[in-house]
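Student: Sequence and predicted structure are below.
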Amino acid sequence: MQYSFFALLFRQRYIGRWSLMHSTEQETLAQHSMECAVLSHCLCEIGNTFFGGSYDSSYAALLGLFHDSPEVITGDLPTPIKYASEEMRTTYGMIEDKAVQRMLSKLPNELKETYSALLRPESGNETKIVKAADKLCALIKCSNEKRSGNREFDAAYAATKAELEKMDLPEANWFMENMLSSFELPIDEL
C-alpha cells in the first residue's frame, strides 16, 4: 500500500499566504513553516539561556514545522475571517480537526500516534512558544512589506505587534528588542 501523508505535506509549497492582501513578495506555507520552526527553536534557546527556562527547543522546532500542516487541505484562511466570531472560530476548528484526521489517515497505523502528537499537540510551554514564533513571522512579513512601501500591511503590523506585546512572553520580548530590527537591514549591513 502507498501512503500519501508526506506527498500531501510537501504540497505546502503551493499554498499561498496572505491571500486577502496585496503582497510585494509572495509567501508559501512551506516558507512560513520553516521560518516558524527556526524562530520556535530560537525563542526556546532565548528562554533557556536568559530566563532560566527548560524548553525542549527541538520539540518546539518540530511543532513549528508542523503547526499549519492542515492548511494543505483547508488552505490558508485569512485571520480576519478565521476569528471574525466565536462561531467562525469553532467551525474552523472543526474543519481543521477533519483535515488532521484526513492527513493522519494517509499514514500507516504504526506512525499515526507520532504525527498526531505533532499535528494536535497538547497545550504546554512549547506550544506557547510556537504561537509567539508564528506571530513574529507575521510581524517580520508585515515589516518587510511596509519597508517595500506597501501600506496594505500597516494595520496588520500594528495588530500583530499589539498581540505579541499582549502575550507578554519574555522570550518574544527579548527577540523583538534585540533581533527584530536586523530584519530591516540590507544584506550588506547584516
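Tutor: That came through fine. All figures in this text were calculated on a predicted structure; none of them were measured in a lab.
Student: Tell me who's in contact with residue 174.
Tutor: 46, 50-51 (Cβ atoms under 8 Å, 6 or more residues apart in numbering). Using the backbone N, CA and C atoms, a C-beta is placed for each residue, glycine as well.
Student: so which of these comes closest to residue 98?
Tutor: residue 46 (35.6 Å; Cβ to Cβ).
Student: With adjacent residues omitted, what lies nearest to the closest one?
Tutor: residue 171 (4.5 Å; Cβ to Cβ, 6 or more residues apart in numbering).
Student: Contact partners for residue 52?
Tutor: Residue 52 touches nothing, counting by Cβ under 8 Å, 6+ apart.
Student: Secondary structure of it: a strand, I assume?
Tutor: No - going by DSSP: H, G, I helix; E, B strand; the rest coil, the assignment for residue 52 is coil, not a strand.
Student: so residue 40 touches residue 59, yeah?
Tutor: No - counting by Cβ atoms under 8 Å, residue 40 stays clear of residue 59, with 9.1 Å between them.
Student: More neighbours: which of those two?
Tutor: Taking neighbours as other Cβ atoms under 10 Å, residue 40 and residue 59 compare with residue 40 leading, 31 against 21.
Student: Now do the helices in the protein.
Tutor: 5-9, 29-50, 57-66, 71-74, 79-82, 86-104, 109-119, 125-147, 154-167, 170-178 (DSSP state H).
Student: Could you check the first one and say which residues are buried?
Tutor: Of the residues in helix 5-9, those with enough neighbours to count as buried (16 or more other Cβ atoms under 10 Å) are 5, 9.
Student: Need the residues that contact it.
Tutor: 69, 72-73, 103-104, 106-107, 111, 115.
Student: One more pass at 7 Å, please.
Tutor: 69, 72, 103, 106-107, 115 (Cβ atoms under 7 Å, 6 or more residues apart in numbering).
Student: Quick check, central residue of this protein?
Tutor: Centroid-nearest residue in the chain, with Cα atoms, centre = their mean: residue 134, separated by 3.5 Å.
Student: pretty sure it is in contact with residue 37, am I right?
Tutor: No - here residue 134 does not reach residue 37: they are 10.4 Å apart, not a contact under Cβ atoms under 7 Å.
Student: For the chain, which element, helix or strand, carries the lowest mean pLDDT?
Tutor: helix 79-82 (a mean of 79; mean pLDDT, DSSP states H and E).
Student: so how far is that one from its chain's centroid?
Tutor: In terms of Cα atoms, centre = their mean, to the nearest Å, the centre of helix 79-82 is set 15 Å apart from its chain centre.
Student: Going forward, the N-terminal residue is numbered 29.
Tutor: Renumbered: residue one is now 29, and that last one reads helix 107-110.
Student: Which strands or helices does that helix pack on?
Tutor: Counting contacts by 3 or more Cβ pairs under 7 Å, 6 or more residues apart in numbering; DSSP states H and E, helix 107-110 is packed against helix 114-132.
Student: With that, I have no additional questions.
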